[in-house]
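Student: attaching a predicted model along with its sequence, questions to come.
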Amino acid sequence: MAMVKVDLEVGNDGVAIITMCNPPVNALAIPIIKGLQEKFHEAARRNDVRAIVLTGKAGKFSGGFDINVMQKVHQTGDITFVPDVSVDLVVNAIEDSKKPVVAAVQGLALGGGLELAMGCHARIAAPRTQLGLPELTLGIIPGFGGTQRLPRLLGLSKAVDMMVTSKPILSEEGKKLGLIDAIVSPEELLKVSRLWAIDIGERRRPWLRSLHRTDKLGSLSEASEVLKIARQQVKKNTPHLPQHLACIDVIEHGIVHGGYSGVLREQEVFKQLVLEDTAKGLIHVFFAQRSTSKVPNVTDIGLKPRNLKKVAVIGGGLMGSGIATALILSNIHVVLKEVNSEYLTRGMKMIEANVRGLLTKGKLTKDKADGALSLLKGVLDYSEFKYVDMVIEAVIEKISLKQAIFSDLEKICPSHCILATNTSTIDLNIIGEKTRSQDRIVGAHFFSPAHIMPLLEIVRTEKTSAQVILDLMTVGKLIKKIPVVVGNCTGFAVNRTFFPYTQGAQLLVNLGVDMFRIDRLISSFGLPMGPFQLQDVAGYGVNLAVRKEFAGAFPDRTFNSPLLELLVKSGRNGKNNGKGYYIYEKGSRPKPDLSVLPIIEESRRICNIMPNGKPISVTDQEIVEMILFPVVNEACRVLEEGIVVRASDLDIASVLGMSFPSYRGGIVFWADLVGANHIYTSLRKWSELYGNFFKPSRYLEERAMRGIPLSAPASSAPSSKARL
Ligand SMILES: C[C@H](O)CC(=O)SCCNC(=O)CCNC(=O)[C@H](O)C(C)(C)COP(=O)(O)OP(=O)(O)OC[C@H]1O[C@@H](n2cnc3c(N)ncnc32)[C@H](O)[C@@H]1OP(=O)(O)O
């Protein structure tokens, strides 16, 4: 913490260099903000200072306001932790300073960092510096004047676009658009910035205060047209999120009432939004995602990741080809093995189609696509396996087949080679049973489509070595996944936690609830689709197979609905044969298929669980809770068994693997906002009415009784067993 400071140094030219220092990204922590106040006052006071340059230490300007401060507000409910930067510092000390201030920007200027720079009278940047206002991704709006100054520097429509999408631009584009005044090499950055500041002081260059500019704003009617379109878009794209509309309103306020009034309004709205659940959820996710890369006894014991240059993938089906695609796109050589040339050709074609698909969507250049495909080699035998650093097995879920493959691999691959399996259900200890290589056997559980979905569950057994886990985490990051290290159990973290999701939906339908209503409610809760549409997408065959696994592992809480079998019997298999709960037509949204209703009636008859033969009557909120509380209940067991390192890992896994809404912070975070007690009491009531499926777990009961958050580590709940 000793490194957190602001320096001031005055040169012979009379220019004061003010440097922010708070590694790694010079976040604007409270001591930095205080330091800036002091140093700007000092520079204003001192007679030997005639101009000022603001910059950041170690090649980075600033990553913005310290997000920890907002988390502290969430933990305490005390908004006064947020300091008044917008007026006191940016307007009074910087923009209205009697001495010219130039920002020397390098590496990145994001959020509050860019806002400080925009308060300066000019901005000089190094090449390829990232400039952006990503605040909306945290559930807030810019709070140091960004909503006012960015439109005045860039023009309204580009500024709105940058804030609403949260996407940064590079300094080169910034220069074209007017956000940056000059681009110079990092070596010359300070020198040019000092000269520029002196030139402004001597009126050889304009002394511009961004907040007072109007030249790029256009007429009032043009502005209101731009804002109208922006509002329509955010209402369509992000209907659940308050910060987007709030941001547009604040921008508009400044256009109508002037920049300074806009700054005041911005600050007020910023503080309101910080306190909303959306900001709580998104800020939690920001830190939770970064925590996943800290794994006790793996990343903290001084191990260095090894460089994995060549990877073999066994099986060119949907998963195997997706995994191979992800690897070659990140410059890793891949050997794809199949059992015969027909399957191999099919797999190679799928990989090519994946890459071409990204090319057509403009996500890749032609060179990059060709380069990636040149790293791929298809083979029918193991001869290349002598030279690979890792194998990922992605064949069908058959124990004997996998066991045979791992025995072969042990003999053929070099002894350092990591032996990974993409199984989603089979116990890793069983897969490795016939080998003596258990220390290098690990699960690499990708989610389909593997080249797009961001989550990678890394499954370890008690025997998997720390080095192997670290290496796989490193490859995972290299191929742009978020690796989450989890323990070995049926379904691992994500599929296990969410197995009651589909089953709960089945149970409700058999209790007489309308399935399309369930899907609608779950979508408006924020998941991309409801449980029935999800079953359609996955295919009923997969649903039935998975259910069998869970029925075997957790028979006490499995609900066996006859519905899926009835659907299959009547020739339905979901989206892939065009016959599911919904009708799928190209170019239009799925429509409920009413011809499925008689099959549901039949299922209800066979199941016969409706009290007195009548459909139960439940509110919308109860439906959402009856679907999601059993998921929370299973999450509790996952926590108790130590399947995840920490509760927030399960939050990230639920967001990335199940698309649980990130603005709700993930499954456990959301559950704690709802409150363990309410969840427990509800489940207990339903278990009395409708059976064991709802029976609260011991962990949930204990935490509800003691008033301890579900996310609190085991040590704060003395009687529950702490296991890693
Ligand atoms: C009032 C204002 O308008 C409000 C604001 O400014 S809100 C903040 C706006 N800024 C942002 O949203 C940027 C957030 N940061 C990022 O996107 C990325 O960290 C980055 C692009 C700056 C760097 O990415 P990368 O190099 O991959 O490093 P990354 O692992 O993310 O971050 C490094 C460390 O800095 C921390 N960090 C980064 N930005 C931070 C911030 N603004 N506040 C606090 N900590 C921050 C991270 O938590 C991480 O800490 P850890 O090592 O303890 O896990």
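Tutor: Great, that's in hand.

Student: residue of the chain nearest the ligand, please.
Tutor: Distances between the chain and the ligand by C-beta to the nearest ligand atom are smallest at residue 111, namely 2.4 Å. (C-beta placed from N, C-alpha, C; glycine too.)

Student: for the stretch 251-400 of the chain, what spans make up the helices?
Tutor: All helices of the stretch 251-400 of the chain, identified by DSSP state H, counting those that start in this stretch, fall at 259-274, 277-291, 318-329, 341-360, 366-373, 399-412.

Student: quick check: closest non-adjacent residue to residue 436.
Tutor: residue 410 (7.1 Å; C-beta to C-beta, 6 or more residues apart in numbering).

Student: could you do residue 262 as well?
Tutor: residue 254 (2.2 Å).

Student: and for the residue nearest to residue 436, the neighbour number?
Tutor: Neighbourhood size, residue 410 [other C-beta atoms under 10 Å]: 18.

Student: burial count for residue 409?
Tutor: Neighbours around residue 409, by other C-beta under 10 Å: 22.

Student: list the contacts for it?
Tutor: Residue 409 is in contact with 385, 391, 393, 417, 419, 437, counting by C-beta atoms under 8 Å, 6 or more residues apart in numbering.

Student: mind redoing it with 7 Å?
Tutor: 391, 419 (C-beta atoms under 7 Å, 6 or more residues apart in numbering).

Student: if I look at it, how far off is residue 420?
Tutor: Residue 409 is 10 Å from residue 420, where distance means C-beta to C-beta, to the nearest Å.

Student: ok so, going back, so what's the residue nearest to residue 262 up against?
Tutor: 147-148, 261-262.

Student: intersection of neighbour lists for residue 409 and residue 420?
Tutor: Going by C-beta under 7 Å, 6+ apart, residues that sit against residue 409 and also against residue 420 are residue 391.

Student: quick revisit: the residue of the chain closest to the ligand contacts residue 64, correct?
Tutor: Yes - using C-beta atoms under 7 Å, residue 111 is in contact with residue 64, at 2.7 Å.

Student: can I get the contacts of residue 254 in a markdown table including neighbour count and pLDDT?
Tutor: What follows is the contacts of residue 254, written out as a markdown table (neighbours: other C-beta atoms under 10 Å; pLDDT from 0 to 100):
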| residue | neighbour count | pLDDT |
| --- | --- | --- |
| 147 | 32 | 98 |
| 148 | 30 | 98 |
| 261 | 13 | 98 |
| 262 | 24 | 98 |
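
Student: pull the most distant pair out of the residues you listed.
Tutor: The largest separation in the contacts of residue 254, counting by C-beta to C-beta, is between 147 and 261 at 11.9 Å.

Student: report the contact partners of the residue of the chain closest to the ligand.
Tutor: 64-65, 133-135, 142 are the contacts of residue 111 under C-beta under 7 Å, 6+ apart.

Student: of those, list those near the ligand.
Tutor: 64-65, 134-135, 142 (C-beta under 6 Å from any ligand atom).

Student: residues of the protein that sit close to the ligand?
Tutor: Checking the chain against the ligand by C-beta under 6 Å from any ligand atom, the hits are 24-25, 27, 63-68, 108, 110-112, 115, 134-135, 138, 142-144, 146, 290.
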